[in-house]
Structures are given as C-alpha cells and as structure tokens.
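Participant: build the 3D model from these lines:
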Amino acid sequence: MGHSIGDGIIVMALAAGFLGYIYLKFLERQRRLEILHKERLAAMDKGIPLPELPIDSPSVQAPADPRVILMLGIILGGFGAGSMIALSFVHGTRTYWPLPLPMVFMGVGLMLFYFLASDRAR
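Facilitator: Residues are numbered from 1 along each chain as shown. Sure, this is the predicted structure:
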C-alpha cells in the first residue's frame, strides 16, 4: 500500500495548520502577558498596590451532568437499532443486520446503568 505525493502534502498541510494554531495561541498569551505587565508597571509608578495575579486563571469545571450517560445510551441504542433495520433490507448471500448489535448493547447498558445509579442516589 503505497502513499502518493498528494498524501504527503495533505499530512504536511494538516501539521502546518496545527502548528500554526498552537503558535497563534502562544502569541496571544504573550501579548496578554505583555499588556498585563505594562498595566502593572503603570500602576506601580502611580503608587497603586496591586495583588499578585496568576499567569493563567484556574479553570473551574462544572460538575458533570448525570443525564449525559442516559443521552449517550439513547443515541447509541437508537443508532444501532436503526442500522440493524437498514442492514436487514440488504439482500445477498450473507446477513449483515447483526453487525451493529454491540452498539445496541452498549446503549442499553448505559441506559440500565443510568437507571440503576439514579435509584441508588435517591
């Protein structure tokens, strides 16, 4: 399985885009720190005391929504059941409808987990 020049160009373009994004984020952070430094120097020249500021503010994450597990279970179960129905219409020498069965089982398992875990929390 050989790769062509076009494949290499695509990989290089994706890598350049990713590195460009990282570089722009770095420049933005540097510019923000420079502005903050200038503001602090101006305040110190005027004699205004300033508290120490962290370079990066800590991100406070909200607690995870417990209904996400139920939503994922419904999506996986519905997608798997729909795929099974669609594959049951494929006629041929082999049957393909059981292929998405693991997805249905994962969806049902997630829904079951949600209902069992929510009963324990009450």
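Participant: could you pull up the mean pLDDT of the longest helix along the chain?
Facilitator: In the chain, taking DSSP state H as the definition, the longest helix is helix 5-46. The average pLDDT for helix 5-46 rounds to 92.
Participant: against which helices or strands is it packed?
Facilitator: Packed against helix 5-46 by the contact rule (3 or more CB pairs under 8 Å, 6 or more residues apart in numbering; DSSP states H and E) you find no helix or strand. The C-beta positions use only the backbone N, C-alpha and C, and glycine is treated the same way.
Participant: list the buried residues of the helix or strand just after that helix.
Facilitator: Using DSSP states H and E, the helix or strand that follows helix 5-46 in sequence is helix 67-88. Residues of helix 67-88 classed as buried by neighbour count (16 or more other CB atoms under 10 Å): 69-70, 73, 76-77, 80-81, 83-84.
Participant: can you give me how far helix 67-88 is from the chain middle?
Facilitator: Its chain's C-alpha centre and that of helix 67-88 lie 20 Å apart, by CA atoms, centre = their mean, to the nearest Å.
Participant: who does that helix touch, helix- and strand-wise?
Facilitator: helix 101-121.
Participant: and the contacts of the helix it packs on?
Facilitator: 66-67, 69-70, 72-81, 83-84 (CB atoms under 8 Å, 6 or more residues apart in numbering).
Participant: and if we set it to 7 Å?
Facilitator: The contact list for helix 101-121, computed with CB atoms under 7 Å, 6 or more residues apart in numbering, reads 69-70, 72-74, 76-77, 79-81, 84.
Participant: same question, stretch 67-77
Facilitator: 103-104, 106-108, 110-111, 113-114.
Participant: can I see the domain layout of the protein?
Facilitator: 1-58, 67-121 (automatic domain parsing).
Participant: looking at these, which one is packed in the most?
Facilitator: domain 67-121 (a mean of 13; mean count of other CB atoms under 10 Å).
Participant: mean confidence score for that one?
Facilitator: On average, domain 67-121 scores 90.
Participant: please state the offset of it from the chain centre?
Facilitator: With CA atoms, centre = their mean, you get 22 Å for domain 67-121.
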